[in-house]
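what's the 3D shape of this:
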Amino acid sequence: MGAAGFRTAALALLCAGCTSIAADARTFEDTRWRVTAINRHVTPAAVNYAIGFKDGRIGGQFGCNHFGGEYRVAREILTTSAMMMTEMACPDPAMTFESWGTAVLQQPMRMTWSSSRRLTLSNDAGSIDLELLSP
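Model prediction:
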């Protein structure tokens, strides 16, 4: 194999794990995602940790309280606005996950795709790992 062939093969192996997805609002419309982790802490399986997108709105639950608002996608950034949330007192770990998750949602989030069904939203406040439940 010549040098050019070797470089091509090495680049193919290097990028085998790369996933590039061009996202826009249509990527999220009418989808529902399971929140698998917040700030790299796995969410409890027995409780509802989910985010959904419909009609330009985001809504969901981080274990206890429900939240909702508007969302916008520009390139690899997801932004929420006009967020509202119920305010029930919840036992831990739900309160901790909720605090972490809402802090992330309040700032523009970078989207990092690990596959077409797995996405991480992150910013200086932390990260939310998502798995697509429905297209």
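
Can you tell me the closest non-neighbouring residue to G68?
Once flanking residues are discounted, G68 sits nearest to G59: 3.9 Å by CB to CB, 6 or more residues apart in numbering. The way it works is simple: take the backbone N, C-alpha and C, and place the C-beta from them, glycine included.

Quick check: beta-bridge partners of that neighbour?
G59 has these beta-bridge partners by DSSP bridges: G52, G68.

Could you pull up the contacting residues of it?
G59 sits next to I51, G52, H66, F67, G68, G69 when contact means CB atoms under 8 Å, 6 or more residues apart in numbering.

Relative to T112, how far out is it?
From G59 over to T112 the distance is 22 Å, taken as CB to CB, to the nearest Å.

Please apply the same query to I58.
Relative to T112, I58 is positioned 18 Å away (criterion: CB to CB).

Tell me how many other residues crowd G60.
As a burial measure, the neighbour count of G60 was computed by other CB atoms under 10 Å and equals 21.

mind listing what it touches?
Contacts here follow CB under 8 Å, 6+ apart; on that basis G60 touches V35, Y49, A50, I51, G52, H66, F67, G68.

Can you tell me, leaving aside adjacent residues, what's nearest to it?
If you skip the residues right next to it in sequence, G60 has I51 as its closest partner in space, 3.8 Å away by CB to CB, 6+ apart.

Could you count how many residues lie near that neighbour?
For I51, the count of nearby residues is 23 (other CB under 10 Å).

Let me see the contact set for it.
Taking CB under 8 Å, 6+ apart, we find I51 in contact with R32, W33, V35, I58, G59, G60, I128, L130.

Model confidence score at it, please.
I51 carries a pLDDT value of 96.
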